[in-house]
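Engineer: Got a predicted structure here, sequence first:
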Amino acid sequence: MPNWTIIPPTMEDLNQSFCHPMIVKLFRIMKTVYVLLDPQNEPSGIHEGKHTATFGYEDSEETSKSSVLSSLFIHFGLSSQTSPRFAIISPSMQIEDLTQGSRIPVPPELVQTVTDICDFTVVRSQFTPDPNDPEYDVYESEYEIDEPESYLAGQVWEGVQMQKYHELLLNAGLIQSIDPRNRHRCDICRSDLIQCKVCLKVMCPAHNCAAFPLSCMRWRPCAAGHRCWYNGICIDCVVGGTTCLCEETWTCDLCTEKGGFFLRCLRCDRPFCGGCSYLAGCRGCRASNLCHDCVEEAPDNVVKEKYVELVGPCTKCNYPVCKPCATAAAGGTYVHIAVVSFSTGCDCIKSYE
């Protein structure tokens, strides 16, 4: 019985250039299921490790689309439990509580998400390894691969998304035929296609190409940049994480846990990015004053108690540092995770040690 546990992802999965293409879809379904039927155990993030999401299908003598879809299962549960709590019944689009024995319809906004998982499972069941792929080894006439499931799933779903892109241009009358030799290039301008790191949807990056408006996706970069595992994902795959009140800065849930990208108001605990005007704080030790809203709402004694004296700003990046950090920097002392220098007053020279 082929089945794959996608949530929580393994360390091997996290070391891949892209994650399992169904991971965000499964998390969205799982989160909604728990909100509806078990809100006390609502998952907070994909990587929290408290929940599991598994899907697969039953083996049959002849694997076909109908046999796969009829036996497809999607299970959700707590990592501490040996049996799943919830299941998605795909043919009837229902959510089943396996403990209570009750069912409710899949919410309309999730029907397409469930359908995508069904489509993926069918394609995955028909996948045949390519003997020319250098990742594969021939062993007793069988092909084996020393890679996690996310690698195989990515290869399968990437092919589907590439095909969808070329069919989009074909159906729009922009091309007359599809050339399988150039599946990673735009059929019109021959630019290399770019893709979301999670769902693997593709688009033409050339703004002056006729394919651009048809395939264009909005992107949501993590503030951690190249240090982020999720760097390069489309807005549709943004799940969880932390967003500044100004809505200009976002970090994924993994980078949020690492910290260092946001200042937090000491009263309301809301996150604010370093360039946000709603709150001022020290770039060195992350100490912050109250945000503008809390300064107006809090009693004077609270505002005074939470006050952080800032000096600066830095002549290079224009961010301030607090007085203790500036004093330490003047003596050449490392301040927390940032290396604060007397010449710059912040962490412009080095970010991490």
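Structural biologist: Thanks, I have it.

Engineer: ok now the helix or strand containing residue 152, how far from the chain's centre?
Structural biologist: Residue 152 belongs to helix 149-171 when assigned by DSSP states H and E. Relative to the centre of its chain, helix 149-171 is centred 19 Å away, using Cα atoms, centre = their mean, to the nearest Å.

Engineer: Tell me which residues of it come out buried.
Structural biologist: 149-158, 160-162, 165-166, 169 (16 or more other Cβ atoms under 10 Å). C-beta here means a position set from N, CA and C on the backbone, and glycine is covered the same way.

Engineer: Okay, strands next: where are they in the stretch 251-353 of the chain?
Structural biologist: For the stretch 251-353 of the chain, the strands defined by DSSP state E, counting those that start in this stretch cover 262-264, 271-273, 310-311, 321-322.

Engineer: can you give me how far the third one is from the chain middle?
Structural biologist: Once both centres are worked out by Cα atoms, centre = their mean, strand 310-311 turns out to sit 36 Å from its chain's centre.

Engineer: mind listing what residue 26 touches?
Structural biologist: By Cβ atoms under 8 Å, 6 or more residues apart in numbering, the contact set of residue 26 is 6, 7, 53, 55, 74, 117.

Engineer: With residue 76 instead?
Structural biologist: By Cβ under 8 Å, 6+ apart, the neighbours of residue 76 are 29, 30, 33, 34, 51, 52, 53, 84, 85, 86, 87.

Engineer: On the three-state scheme, residue 76 is what?
Structural biologist: What DSSP: H, G, I helix; E, B strand; the rest coil gives for residue 76 is strand.

Engineer: Of the contacts of residue 76, just say which sits nearest to residue 178.
Structural biologist: residue 29 (32.2 Å; Cβ to Cβ).

Engineer: wait, isn't the closest one in contact with residue 110?
Structural biologist: Yes: counting by Cβ atoms under 8 Å, residue 29 touches residue 110, with 5.7 Å between them.

Engineer: Looking at the two, which is more packed in?
Structural biologist: The residue with more neighbours, out of residue 29 and residue 110, is residue 29; 24 against 18, by other Cβ atoms under 10 Å.

Engineer: May I have the phi/psi pair for that one?
Structural biologist: phi -70, psi -50 (degrees, to the nearest 10).

Engineer: list the contacts for it?
Structural biologist: 53, 74, 76, 88, 110, 113, 114, 117.

Engineer: ok, and the most crowded of those residues?
Structural biologist: residue 76 (27 neighbours).

Engineer: Beta-bridge partners for it, please?
Structural biologist: residue 53, residue 86 (DSSP bridges).

Engineer: Tell me where the stretch 201-350 of the chain has helices.
Structural biologist: In the stretch 201-350 of the chain, the helices defined using DSSP state H, counting those that start in this stretch lie at 212-215, 253-258, 292-297, 300-305, 323-330.
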